[in-house]
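Asks: this is a predicted model, with the sequence first.
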Amino acid sequence: MFCSYQVIHAGIYYGPTSLKTKLCIRGKHLLYELCSAQDIPHRRTKKWIIAQNAQQMAELELLHTFTKSIDVPTHFLTRREIEEQEPDVRADAGVLESPTTGIIDSHAYMAYLEGSLDERGGEEILHTVVTDIEPLAGSQEGDRIPGYSITTQSRDGAGGQDTITAETVINSAGLGAVDVSNMLLPPERHRKPYFAKGSYFSYAASHPKPKTLLYPAPTPGLGGLGTHLTLDMAGRVRFGPDVEWIDDPTDLAPNPARLEAAVPVIQTYLPGVRRDALDLDYCGIRPKLGRTSGTYGKDGKGFADFYIKEEAGFPGFVNLLGIESPGLTASLAIAEMVDDLLYGRNASISE
């Protein structure tokens, strides 16, 4: 299970020139347009990034300056605005508001995409794993039309093996994308997958119930954005995800110790939260390309961008690696980029 917060991100955490910034901003606009046109449930909730001390406030000042440089709106709230809009929130030093952040019913969004695929003659093959991929005989760098043989097997092993041939392959396998890439690329281009597990926590009490997404100030080097408050379309409150580095991408078992560690973090910005109303909810896992930070920070050290590339020597094979947050927000823009890689002016293959 990929780790998704169902948040439409603004694109403010990922540095000046990264694919994450470019594709998140473009994807945000595409996603809002699609949701409005197709009646996909969504809401512009806004997001507060909260500072409790001078050091965190300095981080927000830097973030605000950066957002102006990429033309993404943010603004600081006055003490009166904070108290009037969200009286239960503790923000000792200040709040930076992101007005273009929102939430989406990701299940309805995926159902729409599935329906669009079906209408165009596409087919979904479920409960199946890729066990091998290799170029078709005669395919080599420079061929106008490459091709690949993909070996698959049912997840339970009962159905035997099948082979699919394809002119193009888009490796968007999430937690398994690095493994698929390593099946095809030579050993010197292999990568190691990393997995950052995130636990979510439900909240059963009727108070406090903010109407805005609440995020702590960015922590340099953290693998995510901190344990924050998100909302679903029904207004239910959820906290998370935290960051727990793991080796097994199937390890989705909730860990009670993660909840105990999260409580004091949550109560720094929402002190009225009742411990007895918090419970383990579910877990997701971020596909990472290293033990990297979730934000760009001051100098980009420890930050890993999306890896989206038609691999040299393998025309028609596009790798999408490390597609963690803001992957949901960027998804439509990622599709545009892949289409351009394969069929744009400088593409290695033509339609």
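Replies: Looks like it came in fine.

Asks: what does the model give residue 82 for pLDDT?
Replies: Note on residue 82: pLDDT of 98.

Asks: can you count the residues close to it?
Replies: 19 (other CB atoms under 10 Å). Yep, even glycine has a C-beta here, placed from its N, CA and C like the rest.

Asks: how much space between residue 294 and residue 227?
Replies: Distance, residue 294 to residue 227, by CB to CB, to the nearest Å: 12 Å.

Asks: where does the stretch 151-300 of the chain have low pLDDT?
Replies: 220-225 (pLDDT under 70).

Asks: pull the contacting residues for residue 337.
Replies: Contact partners of residue 337, counting by CB atoms under 8 Å, 6 or more residues apart in numbering, are 19, 23, 308.

Asks: equivalent analysis for residue 160, please.
Replies: Counting by CB under 8 Å, 6+ apart, residue 160 has contacts 153-154.

Asks: now it: how far from residue 300?
Replies: 47 Å.

Asks: tell me which stretches of the stretch 201-350 of the chain form strands.
Replies: Ranges of strands in the stretch 201-350 of the chain, per DSSP state E, counting those that start in this stretch, are 213-216, 228-231, 237-240, 244-246, 278-288, 307-310, 317-321.

Asks: any chance of the ones you listed in CSV with distance to residue 99 and mean neighbour count as columns?
Replies: Formatted as CSV, the strands of the stretch 201-350 of the chain follow (distance: least, CB to CB, whole Å; neighbours: other CB atoms under 10 Å):
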stretch, distance to residue 99, mean neighbour count
strand 213-216, 11, 22
strand 228-231, 16, 23
strand 237-240, 21, 23
strand 244-246, 32, 14
strand 278-288, 26, 20
strand 307-310, 28, 17
strand 317-321, 30, 22
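
Asks: out of these, the one nearest residue 152 is which?
Replies: strand 317-321 (16.3 Å; CB to CB).

Asks: how about the strands of the stretch 201-350 of the chain, which one is nearest residue 171?
Replies: strand 317-321 (5.1 Å).

Asks: helices or strands up against the closest one?
Replies: When contacts are defined as 3 or more CB pairs under 8 Å, 6 or more residues apart in numbering; DSSP states H and E, strand 317-321 packs onto strand 169-171, helix 177-184, strand 307-310, helix 327-343.

Asks: let's have the ones you listed in a markdown table, adding distance to residue 259.
Replies: As requested, the helices and strands packed on strand 317-321 are exported to a markdown table (distance: least, CB to CB, whole Å):
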| stretch | distance to residue 259 |
| --- | --- |
| strand 169-171 | 35 |
| helix 177-184 | 30 |
| strand 307-310 | 33 |
| helix 327-343 | 25 |
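
Asks: out of these, which comes closest to residue 61?
Replies: Per CB to CB, nearest to residue 61 of the helices and strands packed on strand 317-321: helix 327-343, 24.5 Å.

Asks: alright, that wraps it up for me.
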